[in-house]
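Asker: A structural model of the following input is requested.
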Amino acid sequence: MRLQLALNVSDLDEAIDFYSRMFGTEPAKVRDGYANFAIEQPPLKLVLFAGAGTPGSINHLGVETETATEVVEAEQRLSTSGLETTGVDDTMCCYAEKTETWVEGPDGARWEWYVKKADSEQFGNVVVAGAGTNSCACS
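Answerer: Got it, this is the predicted structure:
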């Protein structure tokens, strides 16, 4: 597993240049208004959204897992502990096919538990199977 940090940026090219130099790695994926880095050390999934919110603010946070079973287990643990989740959905979102669930923190910070299953050309949220209440941050 690794933590995910999704940031809103004003200039995607400038942000890509900065974070590439900061973490010593190039983005794993770049699309119009979007980039993501799969950083090994520290284990971090860094996602950049251009024009999606106040530049420099957090878009959302997440935990990238290795399997869909881990997503289901996290959703069950969250629900059992009394936290309201979106349920588990199979989605196409942020240029990836994923299994995911979402939970919102007390101050509105959105957290995504997910596993990426494949690349996609779909940016906005499409629920393929599940509860249908997904709140993908990129839609």
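Asker: quick one: secondary structure of the residue nearest to residue 68 when sequence neighbours are not counted?
Answerer: Distances taken as CB to CB, 6 or more residues apart in numbering put residue 99 closest to residue 68, at 4.1 Å, once the chain neighbours are dropped. (Each C-beta comes from the backbone N, C-alpha and C, glycine too.) Following DSSP: H, G, I helix; E, B strand; the rest coil, residue 99 is assigned to strand.
Asker: what residues does residue 99 make contact with?
Answerer: 68, 71-72, 88-91, 114-115, 117 (CB atoms under 8 Å, 6 or more residues apart in numbering).
Asker: if I look at it, how far off is residue 69?
Answerer: 9 Å (CB to CB, to the nearest Å).
Asker: shared neighbours, the two?
Answerer: Contacts common to residue 99 and residue 69, judged by CB under 8 Å, 6+ apart, are absent.
Asker: ok, which stretches of this protein are helices?
Answerer: For the chain, the helices defined by DSSP state H cover 12-23, 68-80.
Asker: from residue 37, how far off is the residue lying closest to residue 47 once chain neighbours are set aside?
Answerer: Spatially, and ignoring its direct neighbours in sequence, residue 47 is nearest to residue 6 (4.0 Å; CB to CB, 6+ apart). Shown here: residue 6 relative to residue 37, a distance of 11 Å by CB to CB.
Asker: intersection of neighbour lists for the two?
Answerer: 46-47.
Asker: which residue is the nearest non-sequential neighbour of residue 29?
Answerer: residue 36 (5.1 Å).
Asker: remind me which residues of the chain are low pLDDT?
Answerer: Applying pLDDT under 70 to the chain picks out residues 122-139.
Asker: hmm, 90 instead?
Answerer: 51-52, 89-97, 106-108, 118-139 (pLDDT under 90).
Asker: so where do the strands sit in the chain?
Answerer: With DSSP state E, the ranges of strands along the chain come out as 2-9, 29-31, 34-39, 44-50, 58-64, 89-93, 96-104, 110-119, 126-130.
Asker: as CSV, these with distance to residue 81 would be great.
Answerer: Output for these, formatted as CSV (distance: least, CB to CB, whole Å):
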stretch, distance to residue 81
strand 2-9, 19
strand 29-31, 33
strand 34-39, 29
strand 44-50, 24
strand 58-64, 15
strand 89-93, 20
strand 96-104, 10
strand 110-119, 13
strand 126-130, 21
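Asker: all set now, cheers.
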